[in-house]
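In: Here is a sequence with its predicted model. Questions after.
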Amino acid sequence: MLLYDSLKAIVNGSARVLWRARATGVENVPRDGPLIIACNHISYLDPPVMGSFVPRRINYMAKAELFEIPVLGPLIRAVGAYPVDRKGSAKAAIKRSVEVLRGGGVIGIFPEGTRNAGGDAEPRKGAAVLSSLTGAPVVPACIVGSDRARQFGQIKVAFGPPLRLPEGRKATHDDVAKFTDEIMRAIRALAGSMGADSKG
């Protein structure tokens, strides 16, 4: 936790100075219990900058190739990231995610699956599936401006109220699909509240 907290403070301070980064809706993030944060994805900066405003430690899925990079691989593993094989089976990553959530932790997910500056990627159902398996609520999040970091424009982050699947019964495939759509609508609404769209 010491390394995570130290890096988080450095990222947050740097983002505030370099890009005048600000966050709204942080009060919507539950302070305890299992939680999934689902955010749009337009830049490599999204995970560290968005996560630096969350008052809890976030565990991220990251593509397996990143763990093979010297220095970066051990570093992201040390701060809670774990690999997902986007070309093969995701069973190990799903199992790890369920373990984190059932232990009361936080998972950060980008439903678009990869950086999606064009805003036209088909969202994946991972957040909804994990919510159905664990009962964890999903907090929608949106980041805008991170794709223009080289121009030093402002970066804004927003968090919406937690969303939940219907309770009292096992979620169906239709429930999961509808919940995925609900999550994406909430992310787009947050973008609109910041005077932008989820593409940045």
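Out: Received the coordinates, thanks. Numbering: from 1, shown residues only.

In: Quick check: buried residues in the helix ranked longest in the chain?
Out: If you go by DSSP state H, the chain has its longest helix at helix 173-193. For helix 173-193, a neighbour-count test (16 or more other CB atoms under 10 Å) marks 175-176, 179-180, 182-184, 186-188, 190-191 as buried. All C-beta atoms are positioned from the backbone trio N, CA, C, and that covers glycine.

In: and what of stretch 159-169?
Out: Of all the residues in stretch 159-169, those buried under the rule 16+ other CB under 10 Å are 159-160, 162-163, 165.

In: right, and Asn40 touches Phe110 too?
Out: Yes. Assessed by CB atoms under 8 Å, Asn40 is found in contact with Phe110 at 7.1 Å.

In: what do these two both touch?
Out: Common contacts of Asn40 and Phe110 (CB atoms under 8 Å, 6 or more residues apart in numbering): Asp46.

In: So these two - more neighbours on which side?
Out: Counted by other CB atoms under 10 Å, Asn40 and Phe110 do not tie: Asn40 has more neighbours, with 30 against 25.

In: Who are the contact partners of Lys8?
Out: 51-52.

In: Can you show me the strands along the chain?
Out: Counting by DSSP state E, one finds strands in the chain at the ranges 22-24, 35-39, 58-63, 82-84, 106-109, 138-144, 156-159.
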